[in-house]
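Okay, predicted coordinates and the sequence, questions at the end:
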Amino acid sequence: MLSLSEAQAQFRAAVVSRDGTVPPMLLAPAPVAGRFEIYRRHFREALIRHIAGRFPTVEWLLGSARMRPLAEAYARAAPPAAPCMAEYGAGFIETLKWDASTSGLPYLADVAALDWLLGGVSVAISKPSLAIAALAAYPAEQLPDIRLRLQPGTHYLRSGWPVDDLVRIRLSEQSPESLSFTPHKVALEVSGARGEFRMTRLDQPTLKFRAAIAAGMPLGEAVGEGLETDPAFDVSVALAATFAAGLVIDIVSPAEE
């Protein structure tokens, strides 16, 4: 007799199968292959809708007719491997980089990356932020070794295209009479929580500084990232602005790690 986990594994394998396999547990006197196809169809359609929902600007640019086969191909090649659907679909960004049908849209993968980050922000929960005065509790010699923890819904993206402009146009629901979309480097901070988000353009050293903090680097190393990008990087201004934006939620000293 099959255990529950074995039965679930058989059923899942049959649902994602491309060869029409029916799980042995469903063998019966009457044919079940046609009826089981209903599960496959609903499973496939749910994944296609999910991908379209996670990448709304990509679908807006391509149109549903072009988006559907891309989403379906991805769903077939990479069905979910974890129970949380909010985590499913990140690999679709790589698909857009290499798919021949999107080769004329070199910015599309970056648009998808921004869509993905905005989707993550939509399920983030904002936490109380700290004021810069909280740093006064730490001796000056400890500051290079402390780590700042940022709001969960904070992400960073660099692109060679102004992809945030496309998202803003989509959200405005107003088609411009003309759009000049040319390569232009942007450094974006995506932040917010459920119900709201912000897309903020940063200069390159500030992005490197904040992204290093978000990645868990000690403050001294994060400062180094900013200075490496621009030796004139003003550390005190950048640090004050990070706190003023409400991004810092915790300070961790080496003794607390």
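Cool, got the structure. Residues are numbered from 1 along each chain as shown.

how near is the spatially closest residue to residue 91 that is not a sequence neighbour to residue 90?
Closest residue to residue 91 in three dimensions, ignoring its sequence neighbours and counting by Cβ to Cβ, 6 or more residues apart in numbering: residue 78, at 5.4 Å. Placement of C-beta: from N, CA and C, glycine included. Noted for residue 78: a distance of 10 Å to residue 90, by Cβ to Cβ, to the nearest Å.

Residue 158 now?
Taking Cβ to Cβ, one finds residue 158 at 17 Å from residue 90.

pLDDT score assigned to the residue nearest to residue 91?
Looking at residue 78, its pLDDT is 88.

Residue 108 too?
Predicted confidence (pLDDT) at residue 108: the value is 95.

Same check on residue 38?
pLDDT, read off for residue 38, is 70.

which parts of the helix or strand encompassing it are buried?
If you go by DSSP states H and E, residue 38 is part of helix 33-54. Residues of helix 33-54 classed as buried by neighbour count (16 or more other Cβ atoms under 10 Å): 36, 43-44, 47-48, 50-52, 54.

residue contacts, residue 223?
Counting by Cβ atoms under 8 Å, 6 or more residues apart in numbering, residue 223 touches 144, 209, 233, 235.

let's see it at 10 Å
Contacts for residue 223 (Cβ atoms under 10 Å, 6 or more residues apart in numbering) come out as 143-144, 205, 208-209, 212-213, 217, 233, 235, 238-239.

swap in residue 208?
Contacts of residue 208 (Cβ under 10 Å, 6+ apart): 156, 158, 187, 202, 222-230, 233, 238.

In space, what's closest to it - neighbours in sequence excluded?
In space, and not counting its chain neighbours, residue 208 is closest to residue 225: 4.3 Å by Cβ to Cβ, 6+ apart.
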